[in-house]
Structures are given as C-alpha cells and as structure tokens.
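>>> quick one: sequence and predicted model below, then my questions.
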Protein chains: 2
Amino acid sequence: MSAEPTTDPIALPDPPTDLSQVPVDLSQMSADQLLRLDSQICFSLHAASRAFGGVYRVVLKGLGLTYPQYLVMLVLWEHGELPVKQIGEHLRLDSGTLSPLLKRLEAGGLVRRERSSEDERSVTVHLTDAGADLRAQALRVPHRIVAATGLPLAEISTLQTLLRRVTAALDAAELDTACPDTTDQDAATP
Amino acid sequence: MSAEPTTDPIALPDPPTDLSQVPVDLSQMSADQLLRLDSQICFSLHAASRAFGGVYRVVLKGLGLTYPQYLVMLVLWEHGELPVKQIGEHLRLDSGTLSPLLKRLEAGGLVRRERSSEDERSVTVHLTDAGADLRAQALRVPHRIVAATGLPLAEISTLQTLLRRVTAALDAAELDTACPDTTDQDAATP
DNA sequence: CACATTTCAGTTGTGCGCAATTTAGTTGTG
DNA sequence: CACAACTAAATTGCGCACAACTGAAATGTG
C-alpha cells in the first residue's frame, strides 16, 4: 500500500454517509454499506454518550460528584430514602456497580446506609444533611447542560423520545438472545 | 415514614414528564422541573448507550470481540493499516484506552503492531489474515442490530442526525469549560 | 418442621474511559 | 551542534459496567 502516515490528511471522526439516501430494504444493501451503516449507528451513540459524560464531568467537578454518582443522587433527591434494589431499578444498575459507588458516596458524607430491620437482606440508602443540601448546588447543573447541547428544547424532546424507544426495543430484544437469521443472509461472498 | 419496601410498587425507570408541555424559556422553569429534565436527558442517553452495549455484547460474543474492539476493527477494515494515533482520531479515544485494547487484539491474533521505520515514535496497526477474515462474519452483525432496535431506517437516521448534532455541540462546548452563567441564575435560594 | 429455592448485597475479575505522568523520538531555534 | 519544545505511545491510578460468584436472610414446599 502507498500509505504515508506522516503526510496523511487529518482523520475525520467518521465518514458522512447519508442514511436517508440508502435503500429502505436492508437486504438490498451491499456489504460495505452495511458495515459503514453499523459503524455510524453504534459509534454515534457511543460518542454522544461520552461527549455528554465529558461535559457532565466538568460541570459536576464543582459538586465533587461523578456522572453516575449524580444519577444516584438525582434519584434520591426525587424519591427520598430507597433500598439499593430500587435505586438499581430506576437506573438499571446492579449491586456490582452500586455497592462500591454507594460506599464512595457514604465515605463522602452524602448518604448513609442502614440494614432494614424488616428485611435484613435489604439495605436502605438515606440522604445525610450534606447530601440533601447538595441539591441546592445541583439546581445550577441542568441549565448549563442544556445550554452546552446547543439544541432547543423541542429537539431535545425528539431526541429523548427516540432514545427511549430504542432503549425499550433493545431491552426487549436482549431477551431473545439466540435469535437466528429470519432472512436469507447470503451477502458474505457467495 | 410510611415506606414499605417489600410492598412498594415496581420502580419505573423514570418519570414521564412531557417535555413539549414545558416552557420553552429555561429561566421560567421551576427547580424541580429543571432537575427532572436533567435526570431525563442524561439518563436516557446513558441508558440507551448501555442498552446498545448489551445487544452488541451478545451479538459480538460469537466473534470474540467486545464492543470497543469491534469499533477498532471497523476502522481497520475500512481504512486498512493505521497508526494508533489515527485510530484514536476516528474513535475519539486516546492511547490510554487504545494501548491495552490493541494489545488484547494482538494477543487474539487479529492485529499486528509495528514501529514505523519513518517515525520511531509511531506504531502502525496491521490486520492479520485472521483479522481480515473476521470481516466476513462481521457482515452479519449490522442486520441483527438494526432489527433489535425495532426502529425503521428513517427514524434511525433522525436519531443519528440528532446525536451527531449534540455530540458536535458538546465537543465544542467543552472548550469553554469555565463558562459563567450568561443569564441571571437566582434559582438557588440566595 | 426441615430443606430446596429465591432474593438482596456484596465481592472478584475483566475491560473500558479518562486524567496524569513517563519514556522515547522528532522538530524548532539559537 | 546543543537544547528547549513538542509529539506518540505506553503506563498508572481511579471509577464505572457487567458477569459470575459468595453469603446471609427470607420464602416456598413436602
């Protein structure tokens, strides 16, 4: 190959294939199109998620919270004390993620964990005074985030609707893991 | 405190505030509205990203790849051999993420890393035969993912356009980190 | 009542993402 | 030529996400 790394033009984040120009029937697409398309779907979501994370990281640094810790605090501010299990249901996170995260929040003095007396298996997470007080500072966060997205609220609404729809569909699809191909897949070099 | 954890109704993923019913002027919104809005924005993207990851994990298990490893392979299949730096520019990942990831791909026999003779600092990543061959199997992936999203291509296109727009805006916004409030922010109990 | 099953938190291990630092090689300037 | 400034990759450290497992407590069934 005649690749000249040092002279190469700048590598753009991704190729600009216009999806609206692409055949609606997936089985009509070429192998190249398929892999490019895929690259765009998964990558754009991946990149968007990380870009959001980056902005939140900057904004939340003032509160001493990470992005997932902020999500947990949002749930607690809205619902008050909750067992770990229910925090996990709100955020779709399991104890493997929440246990150490809550331990850090407790070490930071924002929450307190107590074994439930009714069910000794369950641990209820309470806000401390400091944790409750932090909400006042958190009120400034959303405005800065919305501003950073550069989108009007109407488009944020559209984005959110689509994201929820995709998430619901993906969560449902995860159940039939061993899904075989419903169509004849002979695109791969016959 | 009348909470009865064992009898509580199922905790839904998130409250259903309708954004289109909310004042367009951010400064008109109540503190509660703002925090709920933020909770929705950040959570829906976070959740969507993880839901995608879950589906990819299942589909990619057959190829022996993780989700980020698949992204790297997509770049290599499309562009051929590339220096680490340029892979990182395509995916917005730094060497801290890519170095160990590429080491694993190399251990798996999919890529080969070679110091560039022109610039001894640079490492060029090549596909091995096995790595190139894996592309044939990867051709089946996109169809299964698109099917799992449950969305028609037109909506995927809309979603992608919005995600790209948000990402671009967020990346740009990250530059002015110390952004002071442009509006009078007196919502937080002065 | 005894015993299998289920449920909840927690732990372990792997991999990713990012900040900060290190090491080696390149380039710019006097 | 010498030396500062820059660059690429790797490394270290921390936190998150998830699978797999452990241990304790509750529940179900014979």
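Structure received.
>>> the most centrally placed residue in chain A: what's it in contact with?
By CA atoms, centre = their mean, chain A has its centre lying nearest to A:Ser49, at 5.6 Å. By CB atoms under 8 Å, 6 or more residues apart in numbering or on different chains, the contact list for A:Ser49 reads B:Leu45, B:His46, B:Ala48, B:Ser49. To be clear about C-beta, it is placed using only N, CA and C from the backbone, and glycine gets the same treatment.
>>> ok, now with 7 Å
Shown in contact with A:Ser49 (CB atoms under 7 Å, 6 or more residues apart in numbering or on different chains): B:Leu45, B:His46, B:Ser49.
>>> quickly find the element holding the second one.
Assigned by DSSP states H and E, B:His46 belongs to helix B:31-61.
>>> quick check: the gap between the closest residue to DNA strand D within chain A and B:Leu105.
Taking CB to the nearest atom of the strand, DNA strand D has its nearest neighbour within chain A at A:Gly96, 2.8 Å off. The gap separating A:Gly96 from B:Leu105 is 26 Å, by CB to CB, to the nearest Å.
>>> more neighbours: those two, which one.
B:Leu105 (24 against 9; other CB atoms under 10 Å in any protein chain shown).
>>> surely the more buried one meets B:Val111?
Yes. Counting by CB atoms under 7 Å, B:Val111 is a contact partner of B:Leu105 at 4.7 Å.
>>> where does chain A dip in pLDDT?
Low-confidence segments of chain A, defined by pLDDT under 70: A:1-28, A:174-190.
>>> circling back: you'd agree the residue of chain A closest to DNA strand D is in a strand?
No. Using DSSP: H, G, I helix; E, B strand; the rest coil, the assignment for A:Gly96 is helix, not a strand.
>>> hmm, back to that, do the helix holding B:His46 and DNA strand C meet?
No. Using CB under 7 Å from any atom of the strand, helix B:31-61 stays clear of DNA strand C, with a minimum separation of 8.7 Å.
>>> helix or strand right after that helix?
Counting by DSSP H and E, what follows helix B:31-61 is helix B:67-79.
>>> report the distance from that next one to the chain centre.
How far helix B:67-79 lies from its chain's middle: 14 Å, per CA atoms, centre = their mean, to the nearest Å.
>>> stretch A:143-156 too?
Averaging C-alpha positions (CA atoms, centre = their mean) puts stretch A:143-156 17 Å from its chain's average.
>>> can I get the CA coordinates of it in CSV?
Only the C-alpha atoms of stretch A:143-156 are listed here, as CSV (Å, rounded to 0.1, in the frame of the first residue of the first chain):
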residue,chain,number,x,y,z
HIS,A,143,-29.2,24.8,32.7
ARG,A,144,-25.5,24.5,31.9
ILE,A,145,-26.0,21.1,30.3
VAL,A,146,-28.9,22.1,28.1
ALA,A,147,-27.0,25.2,27.0
ALA,A,148,-24.0,23.0,26.1
THR,A,149,-26.0,20.7,23.9
GLY,A,150,-26.8,23.7,21.7
LEU,A,151,-30.3,22.2,20.9
PRO,A,152,-33.6,23.9,21.5
LEU,A,153,-35.9,22.0,24.0
ALA,A,154,-38.1,20.7,21.2
GLU,A,155,-35.3,18.8,19.6
ILE,A,156,-34.1,17.5,22.9
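>>> does it reach DNA strand C?
No. Using CB under 7 Å from any atom of the strand, no contact is recorded between stretch A:143-156 and DNA strand C, whose separation bottoms out at 14.6 Å.
>>> quick check: end-to-end length of stretch A:86-106?
Stretch A:86-106 has an end-to-end distance of 18 Å (CA to CA, to the nearest Å).
>>> that older thread, next up, the contacts around the residue of chain A closest to DNA strand D.
A:Gly96 neighbours (CB under 7 Å, 6+ apart): none.
>>> for it, give its distance to DNA strand C.
According to CB to the nearest atom of the strand, to the nearest Å, A:Gly96 stands 3 Å off from DNA strand C.
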